[in-house]
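> I would like the atomic coordinates for the input below:
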Amino acid sequence: MQHDDDSPAARPLVVLNADGVEASFGPDDGGRLRSLRIGHHELIVDDALSLGRGCYPMVPWAGRVDRGRFSFEGERYELPLDGGDHALHGTGYTSSWHVIDRHDDSIAMSLDLDHRWPLGGRVEHRATLAPNHLHLELEVFAGHDAMPAMIGWHPWFVRRLHAAGPAPSGYAGDHTSFAAEATLDFGSAQMYELVDMIPTGALVDPSSGPWDDCFTALGRDPHIVWPGVLELDLSSSCDHWVIYSQPDHALCVEPQTDAPNAFNRDADVIEAGGSLLATFDLRWRTLAS
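Numbering: from 1, shown residues only. Predicted coordinates:
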């Protein structure tokens, strides 16, 4: 995908390496993971749209805030509406982050939350790469005053991986190459009821998909397989996952500390000087093709 030379997506990347695996981050592009290349396989979607690119930190909120409005400690706040009628995915993914530490296999970035978030605070996004594992940490710090917070990540995984060799059973291809389509398993779960894409707080039995929904109480950690090519296990300290399986080209499996619109239910509160920390781990194994 070509990007305008002045766009954040066109600015230099920080590339981590670990035994043939590369993870590229864009500090000026929302502090996001822009690429995760395992051998010759690219797992991450690169798109012209900031919302549809990479794996970005969602902070100081994740998902939608209803009409961009919430109350906290008796004050009424309004957030920028960038998701139609709602405030979407926080402000971190459209900000430039500062690199505060960097090694061949790790990076740490920081961000002072700007005027779009009226309660101040700062954030750190940290990553460490190993040959079969990427570990991410996201931590938001309150300033002199308490504040609500909800954080997470929004990865855009490619729907298909192309590989050489005969296609596994059930997949189109020939004796030279095939395209393996991602399948997702997370076992049993509970799903949040939605009204106008906003969770009501009630839990219901999951639909059959495709989804743009929030799940909790998963029966197992999310597991993605590109048959005959690669399998990916996801785990997180977060206990909520938004699954967005509607696009033809991508699959999003998003760990979050709460369901969207938590600010209008019972959000986590960071006391003055305190922090909220979340972790996200991606582990992979290549399969014989």
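> where exactly do the strands run in the stretch 151-289 of the chain?
Along the stretch 151-289 of the chain, counting by DSSP state E, counting those that start in this stretch, strands occupy 152-155, 157-158, 160-164, 177-181, 183-185, 190-195, 198-204, 212-216, 223-226, 230-236, 240-244, 250-256, 268-270, 275-286.
> out of the ones you listed, deepest packed?
Ranked by mean neighbour count, these are led by strand 152-155 with a mean of 27 (mean count of other Cβ atoms under 10 Å). Every residue, glycine included, has its C-beta placed from N, CA and C.
> average pLDDT across that one?
For strand 152-155, the mean per-residue pLDDT is 98.
> contacting residues around that strand?
The contact list for strand 152-155 (Cβ atoms under 8 Å, 6 or more residues apart in numbering) reads 33, 44, 54-58, 62-63, 89, 93, 136, 138, 238, 240, 242, 252-257, 278, 280.
> who's in contact with the closest residue to T183 other than its chain neighbours?
Sequence neighbours aside, V225 is the residue nearest to T183 in space, at 5.2 Å (criterion: Cβ to Cβ, 6 or more residues apart in numbering). For V225, the contact set (Cβ under 8 Å, 6+ apart) comprises A182, T183, D185, E231, L232.
> which pLDDT value belongs to V225?
You'll see V225 listed with a pLDDT of 98.
> mind checking how far it is from D233?
Using Cβ to Cβ, to the nearest Å, we find V225 at a distance of 10 Å from D233.
> quick one: contacts of stretch 271-281?
133-146, 149, 151-153, 234-238, 255, 257, 268, 270.
> which SS state does Y56 fall under?
Per DSSP: H, G, I helix; E, B strand; the rest coil, the secondary structure class of Y56 is strand.
> list the beta-bridge partners for the residue nearest to T183.
Note on V225: beta-bridge partners T183, E231, judged by DSSP bridges.
> before we move on, what about M147?
With DSSP bridges applied, M147 shows beta-bridge pairing to I270.
> which residues of the protein score low on pLDDT?
Scanning the chain with the threshold set as pLDDT under 70 gives 1-6, 164-177, 288-289.
> grab the nearest non-local neighbour of F72.
P148 (5.5 Å).
> and the gap between that neighbour and L79?
For P148, the distance to L79 - Cβ to Cβ - is 12 Å.
> joint contacts of these two?
Residues touching both P148 and L79 by Cβ under 8 Å, 6+ apart: F70.
> from the contacts of stretch 271-281, which would you call buried?
For the contacts of stretch 271-281, a burial check counting by 16 or more other Cβ atoms under 10 Å picks out 134, 136-142, 146, 149, 151-153, 234, 236, 238, 255, 257, 270.
> show me the contacts for G121.
Neighbouring residues of G121 by Cβ under 8 Å, 6+ apart: P60, L113, V140, F141, A142, G143, M147, A149, I270.
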